[in-house]
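S.K.: mind looking at a prediction? Sequence and model below.
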Amino acid sequence: MGESSKRSQLRTWELVYSGTWPKQFAEKLRERNAKETAPYKDVFTSFSSLYNTLEQYRGKIKKLDYENLRRQEDIKSIISDPGKKLTENDKNFLALQQENIQLIRQHETTQREMLRMAMKVKDVGSKETQIIALEGKCFRLEQENGVLRDEFTTLQLMCKKLEEDNKNLMMENQHMLEKILLHKKEEVDVINMHNETMKKLKEHQMFYELESARKEDTSPEQSLSYLYLTQGSQLDNISLPRSRVSSRCRLYSGPAIIPGNVANKVEQHTSELYSLAFSYQGTMFATGGADKCIKLWRSSNLPNVDSITTLTGCNAGVMSIDIDERDQYVVAGSNDSAVRMWQVTGGQIRSTFMGHDNKIYSVKFYSHSQKIVSGSHDRTLRLWDVRTSKNVRTIFARSSCHDLAVLSEQGTDIVSGHFDKRLRFWDERQDTSSFEMLLDGRITSLDLSGCGKFLACSCKDASTIKFIDLKLRQAIATFTADGLRMGEHTRCSFSPDGQYIACGSTDGSIFLWNTRTLKREEVPKMHSSAVPVVKWHPMGQAFVSLEKSKKFYVWTDV
């Protein structure tokens, strides 16, 4: 038995047990009778009228048949006696005979009309049967509709209850979220308190170390910063533990030139220049820019330069270049989010390091050129193994990294300059910075002095260069000048002996300061467009500056 039949039977039994079914049944019959008879009331009335007319005609026909029979006998007698004259009755008979014929014709017409009406009545009967069947179907549908209405009411009640339950759960969820946020806030407060405590402990430890060092010295003026600012190159004779000095830091004793004359202009690139790097031996240097290639130049006979080769393979502009300590490999970071390393001999790509999600602004060799560190706009520092070409560690720096400096070959002191104006010190074995400094503006470049004791940081917003003592981890001088305007890719540079700091400006000027007298040295303006990078030759006898409009200049002293 189907579901609808069960529902109909259930509805029927409900009516039976309710005690009102006879009245409802009689009322249903009356309503059905009224619906069925109303459309055919005129038909039944016409049929009754025609039936009465037919009965009248039948009586007349019987009377006429009798008269006709009598007249026929009279006609036979007349025919048998031709000499007999027609009387008035005979004439009347003939007239009646004609009338009889007409009545017979009318009778036939009436019979045909009755037959047609009978067919209509038959059609009405079939329609009535169909109407009865449809009414039965409507009755069943009404019963099913009643059952569905009851089920709909039940479902509405269930839905209302579920909505109330959902509302209660949402309120409970909101309450739980508030609790979680409160716990998170408490956790952050605890972490901040812990960090503040650790910071204070480090400050106290540094204070005690400085006090111990001061007590050991015969005079307070023998501090590292004071010696550097007062005794010049004699500081270079002070040795540091080898584990704390990068192999890229040359202990230099010869003086560096002050650029005064442009001895050579070279225009070989096809687009803007962004990066410059000298080899450790000083025998060559590399330039790169928006033309997606790196050009290697022989620098053993400066100011004359000779092209060695062109390194290709980058899919976007070259932002940073470094050369390993044996002058065998060149590494570069590009705007296509990849770090690539080429062999100097042959100019072939040896490795491609993939992992960054955005532009790479800085790359450096360290650990005796066995590892590479890269800083990117994606707010990460990545450490790479040169031998396996794998990413051995990723450090999340929380801000776009614009430049890097490696203070020790073991990677225990890596310094990064960031868009959020912070200088961060890292140990590659740790996930968090060991120390942070907030500077005047967005940091565009870092450069380590030849002795490895000082760091120069260029800040774009304030157009200043911070001179930082790495032992004290604080700025001991700030260099700035009227007219100095730094761009997004402006990079400052120490002279090899650490006596000078130079920086280019967006108007084509070059600014140079003496780190011992803290005074500015004059450099003639020779460039016609922005100068993003300046750098001394590692031996100090020449100076190279990049111009944004595809050229680089080789300077000598006056």
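M.R.: Ah, there it is.
S.K.: and stretch 422-434, how far out from the chain middle?
M.R.: Computed by C-alpha atoms, centre = their mean, to the nearest Å, the chain-centroid distance of stretch 422-434 equals 30 Å.
S.K.: how long is that stretch end to end?
M.R.: 13 Å (C-alpha to C-alpha, to the nearest Å).
S.K.: with stretch 269-278 instead?
M.R.: 18 Å.
S.K.: what about the strands in the stretch 151-300 of the chain?
M.R.: 261-267, 273-278, 284-289, 294-298 (DSSP state E, counting those that start in this stretch).
S.K.: nearest to Met158, of those strands?
M.R.: Of all the strands of the stretch 151-300 of the chain, it is strand 273-278 that lies closest to Met158, at 68.8 Å by C-beta to C-beta. C-beta: built from backbone N, CA, C; applies to glycine.
S.K.: and of the strands of the stretch 151-300 of the chain, who's closest to Leu157?
M.R.: Among these, strand 273-278 comes nearest to Leu157, with 72.3 Å by C-beta to C-beta.
S.K.: just want the angle from that closest one to strand 284-289.
M.R.: If you take axes from the mean of the first three to the mean of the last three C-alpha atoms, to 10 degrees, strand 273-278 sits at 170 degrees to strand 284-289.
S.K.: okay, now the sheet partners of strand 273-278, with direction.
M.R.: Within its sheet, strand 273-278 is paired with strand 284-289 (antiparallel), according to DSSP bridges.
S.K.: what angle do the strand it pairs with and strand 294-298 make?
M.R.: 150 degrees.
S.K.: next, the buried residues of strand 284-289.
M.R.: Under the neighbour-count criterion of 16 or more other C-beta atoms under 10 Å, strand 284-289 has 284-289 buried.
S.K.: wait, which of the residues you listed is closest to Thr388?
M.R.: Once C-beta to C-beta is applied, the member of these that ends up nearest Thr388 is Ala286, at 24.5 Å.
S.K.: in JSON lines: the buried residues of strand 284-289, plus distance to Met117 and pLDDT.
M.R.: Below are the buried residues of strand 284-289 laid out as JSON lines (distance: C-beta to C-beta, whole Å; pLDDT from 0 to 100):
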{"residue": "Met284", "distance to Met117": "123", "pLDDT": "94"}
{"residue": "Phe285", "distance to Met117": "121", "pLDDT": "96"}
{"residue": "Ala286", "distance to Met117": "116", "pLDDT": "97"}
{"residue": "Thr287", "distance to Met117": "115", "pLDDT": "96"}
{"residue": "Gly288", "distance to Met117": "110", "pLDDT": "96"}
{"residue": "Gly289", "distance to Met117": "108", "pLDDT": "94"}
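S.K.: and Ser493, how many neighbours?
M.R.: Other residues near Ser493 come to 23 when the count uses other C-beta atoms under 10 Å.
S.K.: Ala477 touches Cys457, doesn't it?
M.R.: No: counting by C-beta atoms under 8 Å, Ala477 stays clear of Cys457, with 11.5 Å between them.
S.K.: the two: which is more packed in?
M.R.: Between Ala477 and Cys457, counted using other C-beta under 10 Å, Cys457 has the larger neighbour count: 25 against 17.
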